[in-house]
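Participant: quick one, what's the 3D model for this:
(one chain, ligands or ions: 2)
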Amino acid sequence: MDPYNAEPPRQALTSDLTPVDAFYVRNHGPVPSVEAGSWRLTVDGLVDRSLSLSIGDLRRQFRSREVVSTLQCAGNRRAGLIEVREIPGEDPWGSGATSTATWSGVGLGDVLEAAGIQPAATDVAFEAPDVSQLADPPQHYGGSVGRSKAEAPEVLLAWEMNGEPLPSVHGGPLRLVVPGYIGARSVKWLQRITVQDHPSTNYFQARSYRVFPADFDPAVAESGEGISLGAIAVNADIAVPNDGAAVPAGPTLVRGYALAGDDRCIARVEVSTDGGRSWTQAVLEHELSPWAWRHWHATVEVPVGPTEVVARAWDSAACVQPREPAEVWNPKGYVNNSWARVSVNAS
Ligand SMILES: Nc1nc2c(c(=O)[nH]1)N[C@H]1C(S)=C(S)[C@@H](COP(=O)(O)O)O[C@H]1N2
Ligand SMILES: [Mo]
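Facilitator: Ligands and ions are numbered 1, 2, ... in the order given. Okay, the predicted model is just below:
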């Protein structure tokens, strides 16, 4: 498949950390071949000092930091939106475009501080060497985040994933990790950081990764139209039982994850077997990190025959997942955070 994309099965959603070889992969162009030895990161724009740093410079000059963070593609669960109405030209991701790793590197904020951000700066833009033919016109992959998020301590320039050198397919030798934001902002093969007084004009920031009205044609989108996606919306999914599973009638263990965006956390997860008329409170398992998914489990009674098991999460701002994918359908198929659903057949 070109660009190379990969999604693990639903069961991969049950582990605290996702093994590197099971971590989902999302690319918009060919994986660039980059030499860690000759790699340099440029920091320029509205800074007092432009910087050019090798991986060795980053290691020597800055304090190392580690963050356990989930990455979730904004296209995760798009398949559920496509069932409502077709979405041409976008990948039909199932539940697997969500994975969690321990990322190690240095703080983006520490590097920006060394460069000296000027008062007029509002955004920090990122650019990578991979060229995407999916962009209009074809261009390097890029994006930006607002200044305050860029300076937050959880945002990393990472060269390690689960204690291993960052594999090329995940952005090695160096990638950005923006915990709590859609995966698209975590720019891989990061080569250039530009501090500026406006968001990135890159296609993937200005015209894509945006929620447009249902009757809108994204092909004619002007820069800046639609709702730009940054912080992710509260979401949850069911990992066990599998969709379509045959289960014994009676008490059934349901397991899954829930994820809240930016600095929100998961406050509650509920499971229903009667289409949401009544809910069983799930047990929230240990908090792995403020930036990672929260696993949960519940035991529900499943009668003989077919049953749809649904789950929904609430975040700390009392936002709850919407019932139906039709409520959130949008032309690019982003952020399907409707109730998680699996069908089981009990005997
Ligand atoms: N340079 C570059 N960075 C990128 C992308 C890309 O295509 N090129 N894809 C983005 C998207 S949409 C996602 S969801 C994440 C996926 O990261 P992963 O492949 O390590 O899972 O990387 C982001 N960073
Ligand atoms: Mo993504």
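Participant: mind checking what secondary structure N345 has?
Facilitator: Using DSSP: H, G, I helix; E, B strand; the rest coil as the criterion, the local structure at N345 reads strand.
Participant: how near is it to ligand 2?
Facilitator: Separation of N345 from ligand 2 (Cβ to the ion, to the nearest Å) stands at 33 Å. C-betas here are computed from N, CA, C, even on glycine.
Participant: bridging residues for that residue?
Facilitator: The residues paired with N345 through beta bridges, assigned by DSSP bridges, are A246, P306.
Participant: might you report the residue contacts of it?
Facilitator: Applying Cβ atoms under 8 Å, 6 or more residues apart in numbering, we find N345 in contact with 244-247, 305-307.
Participant: what does the stretch 51-200 of the chain have sitting close to ligand 2?
Facilitator: 73, 183-184 (Cβ under 5 Å from the ion).
Participant: tell me which of the contacts of N345 is nearest to ligand 2?
Facilitator: Proximity to ligand 2 was ranked across those by Cβ to the ion; first place goes to G244, at 26.5 Å.
Participant: look at that closest one and say how many residues are nearby.
Facilitator: If you count neighbours by other Cβ atoms under 10 Å, G244 ends up with 9.
Participant: isn't it up against S343?
Facilitator: Yes. Using Cβ atoms under 8 Å, G244 is in contact with S343, at 6.0 Å.
Participant: for the chain, which residue gets nearest to ligand 2?
Facilitator: Checked against ligand 2 (Cβ to the ion), the nearest residue in the chain is C73, 3.2 Å away.
Participant: count of neighbours near the residue nearest to that residue when sequence neighbours are not counted?
Facilitator: In space, not counting the residues next to it along the chain, C73 is nearest to A97; the distance is 3.8 Å by Cβ to Cβ, 6 or more residues apart in numbering. The burial count assigned to A97 is 23, neighbours taken as other Cβ under 10 Å.
Participant: can you pull the contacts of A97?
Facilitator: 7, 24, 26, 72-73, 75-77, 183.
Participant: ok, now with 6 Å
Facilitator: Under the criterion of Cβ atoms under 6 Å, 6 or more residues apart in numbering, the contact partners of A97 comprise 7, 24, 73, 76.
Participant: so what pLDDT did the first one get?
Facilitator: With respect to pLDDT, E7 scores 94.
Participant: so it makes contact with G96?
Facilitator: Yes. Between E7 and G96 there is a contact at 3.8 Å, judged by Cβ atoms under 6 Å.
Participant: need the overlap of contacts for the two.
Facilitator: Both E7 and G96 are in contact with Y24, where contact means Cβ under 6 Å, 6+ apart.
Participant: any idea how far the helix or strand where V68 lies is from the middle of the chain?
Facilitator: Using DSSP states H and E, V68 sits within strand 64-72. Averaging C-alpha positions (Cα atoms, centre = their mean, to the nearest Å) puts strand 64-72 12 Å from its chain's average.
Participant: can you list the strands that that strand pairs with?
Facilitator: Based on DSSP bridges, the strands next to strand 64-72 in the sheet, each with its direction, are strand 98-107 (antiparallel).
Participant: before we move on, the earlier item: with pLDDT and neighbour count added, can I get the residues of the stretch 51-200 of the chain next to ligand 2 in CSV?
Facilitator: Rendered in CSV, the data for those read as follows (pLDDT from 0 to 100; neighbours: other Cβ atoms under 10 Å):
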residue, pLDDT, neighbour count
C73, 98, 25
G183, 98, 22
A184, 98, 22
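Participant: from those, which is closest to ligand 1?
Facilitator: Sorting those by distance to ligand 1 puts G183 at the head of the list, at 2.6 Å, by Cβ to the nearest ligand atom.
Participant: I figured that closest one hits C73, correct?
Facilitator: Yes. The pair G183 / C73 is scored as a contact, 4.5 Å apart, by Cβ under 6 Å.
Participant: residues near C319, how many?
Facilitator: Neighbour tally, C319, other Cβ under 10 Å: 16.
Participant: for D123, see how far away it is.
Facilitator: 25 Å (Cβ to Cβ, to the nearest Å).
Participant: got it, and V220?
Facilitator: 25 Å.
Participant: more crowded one of these two?
Facilitator: The residue with the greater number of neighbours, taking V220 and D123 and applying other Cβ under 10 Å, is D123; the counts read 20 against 9.
Participant: residue contacts, that one?
Facilitator: If a contact means Cβ under 6 Å, 6+ apart, then D123 has 144, 146, 196, 199 as its contacts.
Participant: and the strands in the stretch 201-347 of the chain?
Facilitator: When secondary structure is read from DSSP state E, counting those that start in this stretch, the stretch 201-347 of the chain shows strands at 210-211, 227-228, 235-240, 245-247, 250-259, 266-272, 280-281, 283-284, 294-302, 305-315, 340-346.
Participant: cool, the stretch 51-200 of the chain as well?
Facilitator: Taking DSSP E, counting those that start in this stretch to define them, one finds strands in the stretch 51-200 of the chain at 51-53, 64-72, 98-107, 123-132, 139-146, 156-161, 164-165, 175-177, 192-196.
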